[in-house]
Structure formats: C-alpha cells, structure tokens
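In: Sequence first, predicted model second:
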Amino acid sequence: MTEMTPVTEATAATAPAKKAVPDAQTVTEVRHWTDRLFSFRCTRPASLRFRSGEFVMIGLMQTDPKSGKEKPLLRAYTIASPAWDEELEFYSIQVPDGPLTSKLQHIKPGDEIILRPKPVGTLVHDALLPGKRLWFFATGTGFAPFASLLREPQTYEDYDEVIITHTCREAAELHYGAELIEGLKTDELLNEVIGEGFWKKIKYYPTTTREESPKMGRITDLMRSGEAFRDLGVEPINPETDRAMICGNLAFNLELKAMLEEYGLEEGANSDPKQYVVEKAFLD
Ligand code: A2P
C-alpha cells in the first residue's frame, strides 16, 4: 500500500493545488495555415447544443496586471465544425498585438481553453425562408460559419444548389476552405448520411485581391460586372429562389448587404426569417 504523505502547511505552500479553469475544454489538434491563420479542435462539453453557423465565447486565463488575479479573457468565435461533430473546431487569425489571439496562436494539443457553452448567432438556417439556391459569401476568417454549414446535412436537404464565394488577400489564405471543400468528396460519413455525391451541389468560387491566383478581384466587383455569374454558369440573384449568408469584414458586409437589397432580398433574423442574413467576422 502506498503511504499518503499528509499535506502539511509547508508542502501545500510549495505545491499549491492548480486552480481549476472554469468551463475548461482540452485542445486536441492545431493546424497552422499561414503565419497568421490557424485552426484548432477541442473537446466538446456534453451539455453544449448548437445550430451549425452559431458562435460561442472562448478564451484563456490571463493575469490581470492591476490586481495580479487570474481572469478569463474571452472573445466571440464562430464554431467551424457542424452541430453533429463530437469535437469543436475553430478557425482564427492572429491579430497583431491582439490580446487573445497573440496567446491563442501558441496553443498545443493537451492545453486547456475556456469555452462558455452559450451559443448564439444569425447565420443559421432558421433565419432564412425556404429557397432553391443558397449563397455563402465570405472574406478571410469569415469562412468559419460556412465550414460548419457546408458539413451540415440540412444545407443539402433544404437547397438544390450551394454557392460559396471566398475572397482573401493572398492565395494561402484560401487553403483552409479549399481543403475542407475538397475533403467533402471523400468524406465517407457525410456521403453516407447526406447522400452519395451530395457535394456536387456545391459551387466554389475563391478569389484573391493582392496576389496572383486563378481568379482575381473582390466578389462584389465580380458580381457587379456579371463576371462571377458567367464564371459560375448561374443566373443572377433572384429574391424568389436565392437565399444568402454573409460573413466577412465590416466594409464587405455593408457593401454586399446593399447589393443584395438591390437584388430585392431582405434581411432575416431568428425571430423573422427572410432572404439573407449577415454577421461580422469578429476580430480584435
Ligand atoms: P482588398 O485587398 O481589395 O481590400 P481583410 O484581410 O482586410 O479583412 O480583407 C479580406 C478580403 O476582403 C480582401 O481580399 C479584401 O480586398 C476584401 N474586401 C475588403 N473590403 C471589401 C469590400 N467592401 N467588398 C468586397 N471585398 C472586400
């Protein structure tokens, strides 16, 4: 029998019990896509239910410089994995001098993060009226909710066609999305659950603005000129049949929102579903 050493004041002082992190989840995988972009997976709280496209608050403990106490530092992060996945996935940028992301980029498998299990968001199927064609418009890390929704069976049950556009500055910033979409073709589970060849409903339109790639330009300009519709071989946007979700930087969201309104689409919400929804890719 192993003798237990009684915890005396002296031993307790030299080895204080590690304070439990509130709402802790364990990181299981980290991938770096560029020097600033990374994705990671972590365990999922058993109690967490969410709809594909929603976000949660995640973060790390940090020492408050004034009080010296440990405090959670949290930011809103869209869940990039679908609602059925037993783990959670996130896709992040490292913002220069960003208080959370500059620390988060160093996480490794086995580390703990804080995850508040209260999902919210408007990029959900419930906020859209039924339609035939679903457009996902993303810039940068705004791809995250679509990484979830592209792996969500309801996306293909509800729509005949799914068009995803992704505009980034440089080609390497497209890799996370491109690999994910390519992976759908050979994903045995999804092909079995959603239906063999479900991925044929997807039309993917990646563009870059500051580095040479097969398609250059902002999606807004490419739509205005009609080039995007010609390249995709599809009809321009029609409020009767088209539904859309927007997630990118603020200027992009506003410009595209105005364009969709010109096409005759109206903005929906969870409580009032309509033709399109928009959400900012959170960065700071
Ligand atoms: P650009 O390089 O022409 O600014 P960011 O990294 O700044 O968040 O931008 C991500 C992508 O979104 C970039 O390719 C950027 O193009 C593009 N973008 C920025 N503003 C708009 C906008 N108003 N409409 C369309 N695309 C935009």
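Out: Ah, there it is.
In: Tell me which residue in the stretch 1-150 of the chain sits closest to the ligand.
Out: For the stretch 1-150 of the chain, the nearest residue to the ligand under the criterion Cβ to the nearest ligand atom is Thr139, separated by 3.5 Å. Placement of C-beta: from N, CA and C, glycine included.
In: buried set for the one helix or strand Tyr156 maps to?
Out: Following DSSP states H and E, one finds Tyr156 within helix 153-158. Judged by neighbour count (16 or more other Cβ atoms under 10 Å), helix 153-158 contains these buried residues: 153-156, 158.
In: Report the contact partners of the closest residue to Lys108 other than its chain neighbours.
Out: If the residues on either side of it in the chain are set aside, Lys108 comes closest to Val30, at 6.2 Å by Cβ to Cβ, 6 or more residues apart in numbering. Residues near Val30 by Cβ atoms under 8 Å, 6 or more residues apart in numbering: 38-41, 107-109.
In: related to what we said a few turns ago, for the residue of the stretch 1-150 of the chain closest to the ligand, phi and psi?
Out: Per-residue torsions, Thr139: phi -120, psi 150 (degrees, to the nearest 10).
In: ok, it touching Ala281?
Out: Yes: here Thr139 reaches Ala281: they are 7.2 Å apart, a contact under Cβ atoms under 8 Å.
In: Now do the shared contacts for these two.
Out: Between them, Thr139 and Ala281 share the contacting residues 248-249, judged by Cβ under 8 Å, 6+ apart.
In: quick one, which of these two is more surrounded?
Out: More crowded of Thr139 and Ala281, by other Cβ atoms under 10 Å: Thr139, with 26 against 23.
In: and that one, how far is that from Phe252?
Out: Taking Cβ to Cβ, to the nearest Å as the measure, Thr139 falls 5 Å from Phe252.
In: got any residues that touch both of the two?
Out: Jointly contacting Thr139 and Phe252 under the rule Cβ under 8 Å, 6+ apart are Thr167.
In: Confirm that Leu256 sits in a helix.
Out: Yes: checked against DSSP: H, G, I helix; E, B strand; the rest coil, Leu256 lies within a helix.
In: Apart from its neighbours in sequence, what residue is nearest it?
Out: Leaving aside its chain neighbours, Leu256 sits nearest to Ile246 (5.2 Å; criterion: Cβ to Cβ, 6+ apart).
In: so what's the one you found bridging to?
Out: Phe137, Val278 (DSSP bridges).
In: rewinding a little: name the nearest of the contacts of Val30 relative to Glu267.
Out: Ser39 (29.1 Å; Cβ to Cβ).
In: okay, now that closest one: neighbour count?
Out: By other Cβ under 10 Å, 20 other residues sit near Ser39.
In: could you check whether the helix or strand hosting it is close to the ligand?
Out: Using DSSP H and E, Ser39 sits within strand 37-43. No: under the criterion of Cβ under 6 Å from any ligand atom, the ligand is not reached by strand 37-43; the shortest gap measures 10.5 Å.
In: Get me the contact residues on the stretch 101-250 of the chain for the ligand.
Out: So the stretch 101-250 of the chain meets the ligand at 139-140, 167-169, 209-210, 218, 220, 249 (Cβ under 6 Å from any ligand atom).
In: Now, of these, which are buried?
Out: Buried, going by 16+ other Cβ under 10 Å: 139-140, 167-168, 218, 220, out of those.
In: Mind putting the residues you listed into CSV with distance to Lys185 and secondary structure?
Out: As requested, those are arranged in CSV below (distance: Cβ to Cβ, whole Å; DSSP: H, G, I helix; E, B strand; the rest coil):
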residue, distance to Lys185, secondary structure
Thr139, 25, strand
Gly140, 25, helix
Thr167, 23, strand
Cys168, 22, strand
Arg218, 28, coil
Thr220, 29, helix
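In: Format these as TSV; extra columns: pLDDT.
Out: Converted to TSV, these look like this (pLDDT from 0 to 100):
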residue	pLDDT
Thr139	97
Gly140	96
Thr167	98
Cys168	98
Arg218	98
Thr220	98
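In: Which of the contacts of Val30 are buried? Put it as a PyMOL command.
Out: Buried residues within the contacts of Val30, by 16+ other Cβ under 10 Å, are selected in PyMOL with:
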select buried, resi 38+39+40+41+107
